[in-house]
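Peer 1: my questions concern the predicted model and sequence given below.
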Amino acid sequence: MKLQFDIADRLRTVEVTRDGHGFRVLVDGVPRLIDVVRVHGNIWSLLVRDHGESTARSVEAVVASQAGVDTVDVHIDGVSIPVLMRNGLGRRSRDSVSAKGTGPQRILAPMPGKVVRILVKPGDQVQTRQGLIVVEAMKMENELRAARDGRVREVFVVEGQSVESGTPLVVVE
Amino acid sequence: MKLQFDIADRLRTVEVTRDGHGFRVLVDGVPRLIDVVRVHGNIWSLLVRDHGESTARSVEAVVASQAGVDTVDVHIDGVSIPVLMRNGLGRRSRDSVSAKGTGPQRILAPMPGKVVRILVKPGDQVQTRQGLIVVEAMKMENELRAARDGRVREVFVVEGQSVESGTPLVVVE
Amino acid sequence: MKKILIANRGEIAVRVIRACRDMGIATVAVYSECDRAALHVRLADQACPIGPNPPRESYLRIDAIVAAATQSGADGVHPGYGFLAENEDFAAACRDAGLIFIGPTPEAIRLMGSKTAARQAAIRAGVPVVPGTAEPLADTVSDAAVLKIAEGIGYPLMLKAVAGGGGNGMRMVANAAELPNALRAARSEAASAFGDSAMYLERRIMASRHIEVQLLGDHHGTVLPFVERECSLQRRHQKIVEESPSLAVPSGTRRAMTAAAAAVAKTVNYTNAGTIEFLLDTDGQFYFLEMNTRLQVEHPITEMVTGVDLVAWQIRIARGEKLTLDPESLLAPRGHAVECRIYAEDPALGFMPSPGRITGLRVPHGPGVRDDSGAYEGGEAPIFYDPMISKLVTWGESRPHALARMRRALAEYEVRGVQTTIPFFQWLLHDEDFLAGRFDTGFIDRKLGARNGEPLQAATAYQQEMAAIAAALAQVLRPAPAPAASEASSRWKGHARSEALR
Amino acid sequence: MKKILIANRGEIAVRVIRACRDMGIATVAVYSECDRAALHVRLADQACPIGPNPPRESYLRIDAIVAAATQSGADGVHPGYGFLAENEDFAAACRDAGLIFIGPTPEAIRLMGSKTAARQAAIRAGVPVVPGTAEPLADTVSDAAVLKIAEGIGYPLMLKAVAGGGGNGMRMVANAAELPNALRAARSEAASAFGDSAMYLERRIMASRHIEVQLLGDHHGTVLPFVERECSLQRRHQKIVEESPSLAVPSGTRRAMTAAAAAVAKTVNYTNAGTIEFLLDTDGQFYFLEMNTRLQVEHPITEMVTGVDLVAWQIRIARGEKLTLDPESLLAPRGHAVECRIYAEDPALGFMPSPGRITGLRVPHGPGVRDDSGAYEGGEAPIFYDPMISKLVTWGESRPHALARMRRALAEYEVRGVQTTIPFFQWLLHDEDFLAGRFDTGFIDRKLGARNGEPLQAATAYQQEMAAIAAALAQVLRPAPAPAASEASSRWKGHARSEALR
């Protein structure tokens, strides 16, 4: 079986074939022998042997998927690694991290909370790291800032409004 | 809704009616108000108010059921309480604890293991607490004994045989 | 005392319940709507609802909590930290209702809770203080007036809520231009957190350390100080790593500082647990900063190096017992302890709160590890309260040993469903300056600033390849049509299949 | 040492991995088939399969384990306890393969591993011993010959495996009639557990306590004893509760006993960790019983009262470091520690092993609690090995404090899917004689015998009613057609429904 993933903006091709007690896996052509067992829930234990190695490395991976989302979060050694499945039909997660890049910046609420102050209005010129809006959650005020210079195109919320995680707040172009 | 259970060989009738934010529950006619919420999996949190009480007692209960078994094990304060549902269609669990009573004693393997020695043969007269069979599991030899005086009717296993939990070993009548 | 109501939630409510259990005392939990299934509610003997989720409608409601205590037949009330712990009206309401408030008197709370009055007490005790405003600045004082006072003190300065604590309602102000915005934000935070927006100003001592001294005072005139805690590691004025003892406190300074702390407390006839915070400058001079008239979040590190159960002693003191601890042993730490406050915050998004459901949890164990937490699998990190998931504490024979165990424990810790600050601590615990003890209160913000948003924790190439392999094998072995639907059943299938393949 | 292979499984393998992590040393786990997903395999850096489930085909296979160590590039081997820990051939095989065996020399293992040779060493060191056989009795010695020797020693007597430990291959024999059966059973157990069925006989000292002294010896001639452990609480000669210090050991006896232990060890140039077991009679006289040439199961209680990491020191000694611990502090316990060995056994069925899958697990936390365990949710308590689930250890300022914390921790512990000995400990921790420290090695068996099979833990009427209510509400709120099928989905449904009803 051949699968394709995007990890850290790089395409990875994984080929899986059964091999005796485990699997032979090629990642971008590099072969490894994997003994895999499901520990419990979405926790997997991999014993990984590189070509020529006699002793396997022990890797525990949590593969957390969400219905309708093509990105699975794989936790390894406490590091969370988003893996996007190519050809998936669901939506990508982590849309809120759209701060980088060159298109318009959509500022989304990163957590549920209350809008306590709006610092800009449509048409304002803003500079990199300028505060746009303040959202209060968990007793703390969190100021959301512009990632780049630009002009405020739209403000979707009003002060005092409660917002869910992912609610669009401001667009800067 | 009206339900009947056997707990510690006593019939319990439980009537459940919704009541505002929680339930009104009668156990053998004694009324209580219960606020219930499922914590996770089969862990439930009950807040229990007896008639006239202003403050609820907090009771955490684990209700562990098995497919096809009419007995659920309820854990409360670390005590495991088998609750048999009347009118259920499945089998009762804990058959192995059939030592008490007056019928024939069916000695079942209480755990998976290996039969290392059979100490009786069909027809033998045995006395209370006399050893019948020795099963080895977890590095320990465990001697299963007769609960009452009787005569060995049948021996189902041979020495060296591996047995699963619940395998009938000996019947004493 | 036979029954104690805990006027708090989360890990500290659990901590107090455990101390009560150790002492054979019954417990009553209180809870807001979203805390109905919380661990503190389930571990307590009894539980009372006290209102909706916003703190002001539940955990800050003095009337509801006192009523719950009275109705449940409690004879004592433990306030934990935060919420009403430093509210004199609450302490007085308990007293008026015939309940023992497990903490200082309302009078001591009022006196030491006012930063300006506390400064006066320190001055009376002969303890040096940081230059600052003598009187609180109410909400009504204009920006212009505050700016004028600030000029007299000099920049940079600290803006602090009179009723404050825990970094809320606190701002560093570098120059006059920043003052108005900072003042507004701090007042708003203080009003929301403490119901009191009064402020005061204080000169900022640069490159200083934040060192604090735990105290216990009984009702028989004894006040005992404990070996200091090092609390300089703060992010935006919020402590995130604490340790005891401090590398920056030689034994002479320890003697002087703990004696000064006890002297301040004695000046006001202080009883029960309290903590005196000091700034320590690079010359080894210390300044009284403020007193916290309650149990501190970071109290476990003191417990680890002295063996004293501070919560148990709070209760013993409240019921009139004499302090029978050996004063010398409290100043002679055994080994070293460190605490990391693990929050539901995403270090990759500027420590933005990351509330949500905890779908998986593996807590570290083994020698020298203590985890104080109210989190559980299936539970929520709610948006209404402090986003703390756990206080992870390790003890070691030496500081390097304690830090090594912290690294080990963090590697075993797994929280799924929400982002946490664990990656931040893993990064910090490899920082050479931190390991060498070279830091001050600005350390974390400077270090994070210097990273310029670069992720704290980038997956290595090997980890990325392993992630690809794990994702692929999980798909091969578990072609679940609806991933959220049938965890239990597919688990066994997956297990059986992988077994069959072996 | 850069990489250590742990020749063991379960909690002790996890314990050793944690010590290695604290020291920055890489780890290699070994595993039998059923342990493929075990915690020790997942926590280690590398892992090697060593064979099928029966110990003789995996954890007792010297060749397979030495090969695994060599192939993985390990330079040290830690044997844990049990399995090959006291096997001189294994220690020698490691040495021959150029691996550092983290334990005593093969010579010391042979000498002290033979109960009869160990007795001679004790006699040479001037330490009193219990009367018994001078030479081991091989499998070939007839029942009649053994009966004759037994008559010379007198009944009641103890039958013990020469290679034994941990209660395996040990039997109390009250009279001559019981001897043949007991001999057969003990030989069979010993053969299966240690591969050696040789026995010896010893007079049984009545109403005695089992007290042991932990030792560390370095390669520079230093042997240091630690404050004693009280190990009298045994069921069928298997320790189940240990504490340190012992109530029965006054400071004079502690001096004499620890000095005697060190003297025995020095006689044989003992290195690394070891333990000398003594019987203490009601007159305060102690007798050398045997030496365990390995880390003990109950080592954590010594760690809790002295602050010393014994496993870390085993490794440091093995790599040639000098013992730099303060001898006096090792004999001056700080507070009190107690350990309960939680087994997958059903106390209601005469402590019958209760293997199976652990479907739910809640581990206690909080001040003074340490849980050393290899168990996890979804894991198995396998039938092939020791059925231990956890070593639960608590520490307190005093014995009552430590015991109170143990009660609290046991109440928080929840193991679902298998029966455990937790109810037994809950019963024991309310026994007046135990609480007063009035016990000897026969205490548990007598107490249990006196109960005559009455259940240790009967649900109260209130608990039964609550069980009825919980069962009813679970049915009302979760009408799951196939209970095992859809835990995840029905969870949310159940939650949503109960929320809607509130």
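Peer 2: Perfect, I can see it now. Residues are numbered from 1 along each chain as shown, chains lettered A, B, ... in the order given.

Peer 1: next one: stretch C:138-146 to chain centre, how far?
Peer 2: 31 Å (Cα atoms, centre = their mean, to the nearest Å).

Peer 1: list the buried residues for that stretch?
Peer 2: residue C:146 (16 or more other Cβ atoms under 10 Å in any protein chain shown). To be clear about C-beta, it is placed using only N, CA and C from the backbone, and glycine gets the same treatment.

Peer 1: nearest residue to residue A:56 in space, please, no chain neighbours.
Peer 2: residue A:47 (3.8 Å; Cβ to Cβ, 6 or more residues apart in numbering or on different chains).

Peer 1: in contact with the closest residue to residue C:84 other than its chain neighbours, which residues are there?
Peer 2: Closest residue in space to residue C:84, ignoring its immediate chain neighbours: residue C:90 at 4.0 Å, by Cβ to Cβ, 6+ apart. With contacts defined as Cβ atoms under 8 Å, 6 or more residues apart in numbering or on different chains, the neighbours of residue C:90 are C:7, C:62, C:65, C:79, C:84, C:101.

Peer 1: follow-up on the earlier one: neighbouring contacts of the helix or strand where the residue nearest to residue A:56 lies?
Peer 2: Residue A:47 belongs to strand A:43-50 when elements are defined using DSSP states H and E. Here strand A:43-50 makes contact (Cβ under 8 Å, 6+ apart) with A:22, A:32-39, A:55-63, C:360, C:466, C:469-470, C:473-474, D:36-37, D:41-42, D:47, D:378.

Peer 1: and with 7 Å instead?
Peer 2: The contact list for strand A:43-50 (Cβ atoms under 7 Å, 6 or more residues apart in numbering or on different chains) reads A:32-39, A:56-63, C:466, C:469-470, C:473-474, D:37, D:41-42, D:47.

Peer 1: over to stretch C:72-87?
Peer 2: Residues contacting stretch C:72-87 (Cβ under 7 Å, 6+ apart): B:55, C:1-8, C:12-13, C:16, C:28, C:46, C:48, C:55, C:59-60, C:62, C:69, C:90, C:94, C:99-103, C:109, C:113, C:165-166, C:293-297, C:318, C:386.

Peer 1: among those, which ones are buried?
Peer 2: Neighbour counting with 16+ other Cβ under 10 Å marks B:55, C:1, C:3-8, C:12-13, C:16, C:28, C:46, C:48, C:55, C:59-60, C:62, C:69, C:90, C:94, C:99-103, C:109, C:113, C:165-166, C:293-297, C:318, C:386 as buried within the contacts of stretch C:72-87.

Peer 1: which ones among those map onto strands?
Peer 2: Among the buried ones among the contacts of stretch C:72-87, the members found in strands (DSSP state E) are C:3, C:4, C:5, C:6, C:28, C:46, C:48, C:100, C:101, C:165.

Peer 1: run through the residues of the stretch 351-500 of chain C sitting next to chain A.
Peer 2: With Cβ under 7 Å from any Cβ of the partner chain as the criterion, the stretch 351-500 of chain C meets chain A at residues C:352-355, C:360, C:383, C:385-387, C:411, C:414, C:416, C:422-423, C:426, C:457, C:459, C:463-477, C:482-484, C:487, C:491, C:494-495, C:498.

Peer 1: filter those residues down to the buried ones, ChimeraX style.
Peer 2: In ChimeraX, this line selects whichever of those come out buried by 16+ other Cβ under 10 Å:
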select /C:352,353,354,355,360,383,385,386,387,414,416,422,423,426,459,463,464,465,466,467,468,469,470,471,472,473,474,475,476,477,483,487,491,494,495,498
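
Peer 1: which element follows the helix or strand residue A:62 falls within toward the C-terminus?
Peer 2: Using DSSP H and E, the element containing residue A:62 is strand A:56-64. For strand A:56-64, the succeeding helix or strand toward the C-terminus, using DSSP H and E, is strand A:71-76.

Peer 1: quick one: that next one near chain C?
Peer 2: Yes. Looking at strand A:71-76 against chain C by Cβ under 7 Å from any Cβ, the contacts come from A:72, A:74, A:75, A:76.

Peer 1: now the closest residue in space to the second one that isn't next to it in sequence. Its backbone dihedrals?
Peer 2: Pointing back at residue A:74 there. Nearest non-adjacent residue to residue A:74, counting by Cβ to Cβ, 6+ apart: residue C:467, 3.9 Å away. The phi and psi values for residue C:467, taken as degrees, to the nearest 10, are phi -60, psi -40.
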